[in-house]
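>>> Predicted model and sequence follow; I will ask about them next.
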Amino acid sequence: MSLLIYHVFRRHVKSGNKLVWRWHYWFTDLNTGKRIIRVCKNCSTRYEAEQYVSALNEKRNSKKIKDIAQDMYLPGNDHVKRRQQLGKTIKKETLKESRRFIEHIINQFGQYDILDLTPKDVVNYLFRVQRSASWKNQFTGALHEIYKEANFCGIKVQKLEIPRFSGKTKKSDVFTDSELKKLLQSKNFDNYPAFVLFLLTAGAGLRISEARAFRGCQYLRNQQMIIVDGFMNRENTIRNNYNKTGSDDNPRWRVSILQNWAVGILEDFLNSQNCELSANSGKDGASAVVFKYNSAPFRVEYLRRLFSRAIKRAGIEANGRKLTMHSLRYTYVTQMRTVLSGEIVQKMVGHTSIEMTNYYNRPDLLMAIETLKPAVKKLSEN
């Protein structure tokens, strides 16, 4: 179908000194809403006029969605180069993830003309698929990028107005102090390195991806602190040397206090593994991380199974709460807020603000260490 509907009609026009009948057609401009009238050239009958406007549909300056999106997010193409010039991210992981959504859109709507796809088509499809609200919003975002790309292809088209899907996922809850003590015992875990990983997560407020990427040189033994300078991707192939909200140019490294009860176990484990504790160890990448299973960094799915099993073994009842691996990080924040200011805790766990945009660059780490020394002493007194 076509969004442009042509209406054929006949009217008198002046030719020399007399009025003659001429066939015309009109349509509504999609951008302005104005009625546009054009003549059906060399048409003397209604049939010829209808044939004329029928041919106009075939000559429309438009493309199928698959033709516009076929090269989007592929490294080295014009779309990616344009993103780079506009200052948008071109990280390998981002391009790969966005490309997956583009391919999904091509499979579902690739045969549609870019002017023919309607919000109803998209929303009805998203209602049918069994996906999370986050996935559906990412799908919509990728579709909007296709519409932006269409404009660079010379096609005037406005993006579809598609409502955002609201996620109803309950946020993780915190453990009580007594629950945390019962949980963080090696007997509850089938894998000792995984136990230490969770101990570090709870003791320093790390994200699971950050704990999976932990190297011995990040631990400042004499300072009782952790330098958080990277995270592991889900595929276990890349250790990103910047934090979750950072980039290669602005890594957003930070420093976090390791709680007293986690110090001894972590140090013993690092010593048993002969881990380099020097910041100048020179090791980098996925091969240098401390916590491994079968010589590879722990996978998220494996850790999630171990953690769920440990909660049951510890005899912890959820009682309507959502207790997940991320609950360890929430618990750390809650504990730290009882003895430290909100500003210090915010910096330690990496919750960003405008004031902290450039805080976590490497030159600021030494200053951060000095700032946290009184906090370590204060924790020891409690």
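Thanks, I have it. Residues are numbered from 1 along each chain as shown.

>>> Count residues in the vicinity of residue 371, would you?
13 (other Cβ atoms under 10 Å). All C-beta spots, glycine's among them, are computed from the backbone N, C-alpha and C.

>>> just so I have it, where are all the strands in the stretch 151-300 of the chain?
219-220, 225-228, 231-232, 239-240, 254-257, 292-293, 296-297 (DSSP state E, counting those that start in this stretch).

>>> where do the helices sit along the stretch 201-350 of the chain?
208-212, 260-272, 300-313, 327-336, 342-349 (DSSP state H, counting those that start in this stretch).

>>> measure residue 18 to residue 309 for me?
Relative to residue 309, residue 18 is positioned 94 Å away (Cβ to Cβ, to the nearest Å).

>>> same thing with residue 141?
36 Å.

>>> Residue 114 now?
For residue 114, the distance to residue 309 - Cβ to Cβ - is 50 Å.

>>> Look at those two and report which has more neighbours.
residue 114 (21 against 13).

>>> Test my guess that that one contacts residue 65.
Yes - in this structure residue 114 lies within contact range of residue 65 using Cβ atoms under 8 Å: 5.6 Å.

>>> Find the residues that touch each one of those two.
residue 146 (Cβ atoms under 8 Å, 6 or more residues apart in numbering).

>>> Can you tell me the element the spatially most central residue of the chain falls in?
The centroid of the chain falls nearest to residue 94 when counting by Cα atoms, centre = their mean (7.6 Å). Per DSSP states H and E, residue 94 falls inside helix 92-109.

>>> Then residue 135?
With DSSP H and E as the test, residue 135 turns up in helix 133-152.

>>> Pretty sure residue 289 is one of the things residue 197 touches, is it not?
No - taking Cβ under 8 Å as the definition, residue 197 is not a contact partner of residue 289, at 10.0 Å.

>>> what about the closest residue to residue 171 other than its chain neighbours, how many residues close to it?
Excluding its sequence neighbours, the residue lying closest to residue 171 (Cβ to Cβ, 6 or more residues apart in numbering) is residue 322, at 7.0 Å. Close neighbours of residue 322, defined as other Cβ under 10 Å, add up to 12.

>>> before we move on, back to that, pLDDT at the residue nearest to the centre of the chain, what is it?
pLDDT for residue 94: 80.

>>> List the residues that contact it.
Residue 94 neighbours (Cβ under 8 Å, 6+ apart): none.

>>> gap between the nearest residue to residue 165 once chain neighbours are set aside and residue 126?
In space, and not counting its chain neighbours, residue 165 is closest to residue 133: 3.9 Å by Cβ to Cβ, 6+ apart. The gap separating residue 133 from residue 126 is 10 Å, by Cβ to Cβ.

>>> swap in residue 234?
24 Å.

>>> of the two, who's got more company?
The neighbour comparison of residue 234 against residue 126 (other Cβ under 10 Å) goes to residue 126, with 19 against 12.

>>> Check the more buried one and give its pLDDT.
pLDDT recorded at residue 126 is 93.

>>> Distance check, it against residue 290.
41 Å.

>>> what does residue 313 give?
Counting by Cβ to Cβ, the gap from residue 313 to residue 290 is 24 Å.

>>> again, but for residue 84
Residue 84 is 35 Å from residue 290, by Cβ to Cβ.

>>> do the same with residue 226
In terms of Cβ to Cβ, residue 226 sits 12 Å off from residue 290.

>>> Need the overlap of contacts for these two.
residue 214.

>>> Flag the shaky bits of the stretch 151-300 of the chain, pLDDT-wise.
167-170, 236, 276-287 (pLDDT under 70).

>>> same thing but 50
278-283 (pLDDT under 50).

>>> Look at the most far-flung residue of the chain relative to its centre and report its pLDDT.
Residue distances from the centre of the chain (Cα atoms, centre = their mean) peak at residue 17, which lies 69.8 Å from the mean C-alpha position. For residue 17, the model assigns a pLDDT of 84.

>>> Ramachandran angles for it?
The phi/psi pair for residue 17 (degrees, to the nearest 10) reads phi -100, psi 10.

>>> Next, the residues that contact the helix or strand hosting residue 50 from outside, please.
For residue 50, the enclosing helix or strand under DSSP H and E is helix 46-58. Helix 46-58 is contacted by residues 2, 4, 6, 8, 10, 23-25, 40-43 when judged by Cβ under 8 Å, 6+ apart.

>>> Residue 11 pairs with what?
residue 22 (DSSP bridges).

>>> quick one: it from residue 136, how far?
50 Å.

>>> out of the two, which sits in the more crowded spot?
Neighbour count, other Cβ under 10 Å: between residue 11 and residue 136, residue 136 has more, with 20 against 11.

>>> which residues sit in contact with the more buried one?
So residue 136 contacts 126, 129, 165 (Cβ under 8 Å, 6+ apart).

>>> cool, and residue 208?
Taking Cβ under 8 Å, 6+ apart as the test, what residue 208 contacts is 201, 300, 303, 325-326.

>>> try residue 207
Residue 207 makes contacts with 201, 231, 244, 326, 329, as judged by Cβ under 8 Å, 6+ apart.

>>> Distance check, it against residue 92.
Residue 207 is 20 Å from residue 92, by Cβ to Cβ.

>>> Repeat that for residue 199.
Distance from residue 199 to residue 92, by Cβ to Cβ: 32 Å.

>>> Neighbour count for these two, which is higher?
Using other Cβ under 10 Å, the more surrounded residue of residue 199 and residue 92 is residue 199, with 24 against 11.

>>> The more buried one is in contact with residue 184, isn't it?
Yes - Residue 199 is within contact range of residue 184, at 5.5 Å (criterion: Cβ under 8 Å).

>>> Residue 122 against residue 144, yeah?
No - applying Cβ under 8 Å, one finds residue 122 not in contact with residue 144, separated by 10.5 Å.

>>> out of those two, which sits in the busier spot?
A count of neighbours by other Cβ under 10 Å puts residue 122 above the other of residue 122 and residue 144, at 19 against 13.
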